[in-house]
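I would like the atomic coordinates for the input below:
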Amino acid sequence: MENLAQILQDSLPKLRERQEGETTPEYLNYINTVVNQAHQEILQLSPFCKISEIFKSRDPLSLEDIKIIFKEVDKHNPC
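Modelled structure (predicted):
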């Protein structure tokens, strides 16, 4: 079986060449947008995505947030 890095590499979008008349900042913005979108899509595949999003978006954590985190941990740590 292929390793994970190769599988990800094969599924990433191809970056286009710089277009005629396109400024460097425009091209760099295009690259940044494509790379950020690809990374976001990859992160969505992670079983820990929900936990990560809770920690990034909430401070302080609510009781409901903590319950969701514990539930996700239990789901990914079978007994």
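
what about stretch 41-61, distance to the chain center?
Here the centre of stretch 41-61 is set off from its chain's centre by 9 Å, with CA atoms, centre = their mean, to the nearest Å.

Ok, stretch 17-31 next?
Centroid separation for stretch 17-31 versus its chain: 24 Å, with CA atoms, centre = their mean.

buried ones in it?
Within stretch 17-31, no residue qualifies as buried by neighbour count (16 or more other CB atoms under 10 Å). C-beta here means a position set from N, CA and C on the backbone, and glycine is covered the same way.

hey, C-alpha coordinates of the helix or strand hosting V35 in PDB?
Assigned by DSSP states H and E, V35 falls within helix 24-44. Taking Å, rounded to 0.1, in the frame of the first residue of the first chain, the C-alpha atoms of helix 24-44 are listed here in PDB:
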ATOM      1  CA  THR A  24       3.600  38.500  -8.600                       C
ATOM      2  CA  PRO A  25       1.200  39.400  -5.700                       C
ATOM      3  CA  GLU A  26      -1.800  38.100  -7.700                       C
ATOM      4  CA  TYR A  27       0.000  34.800  -8.500                       C
ATOM      5  CA  LEU A  28       1.100  34.400  -4.900                       C
ATOM      6  CA  ASN A  29      -2.400  35.000  -3.600                       C
ATOM      7  CA  TYR A  30      -3.700  32.300  -6.000                       C
ATOM      8  CA  ILE A  31      -1.100  29.900  -4.700                       C
ATOM      9  CA  ASN A  32      -1.900  30.800  -1.100                       C
ATOM     10  CA  THR A  33      -5.700  30.300  -1.700                       C
ATOM     11  CA  VAL A  34      -5.200  26.900  -3.300                       C
ATOM     12  CA  VAL A  35      -2.800  25.600  -0.700                       C
ATOM     13  CA  ASN A  36      -4.900  26.800   2.200                       C
ATOM     14  CA  GLN A  37      -8.000  25.200   0.700                       C
ATOM     15  CA  ALA A  38      -6.200  21.900   0.200                       C
ATOM     16  CA  HIS A  39      -4.900  21.900   3.700                       C
ATOM     17  CA  GLN A  40      -8.400  22.600   5.100                       C
ATOM     18  CA  GLU A  41      -9.900  19.800   3.100                       C
ATOM     19  CA  ILE A  42      -7.200  17.400   4.400                       C
ATOM     20  CA  LEU A  43      -7.800  18.500   8.000                       C
ATOM     21  CA  GLN A  44     -11.500  17.700   7.600                       C
END
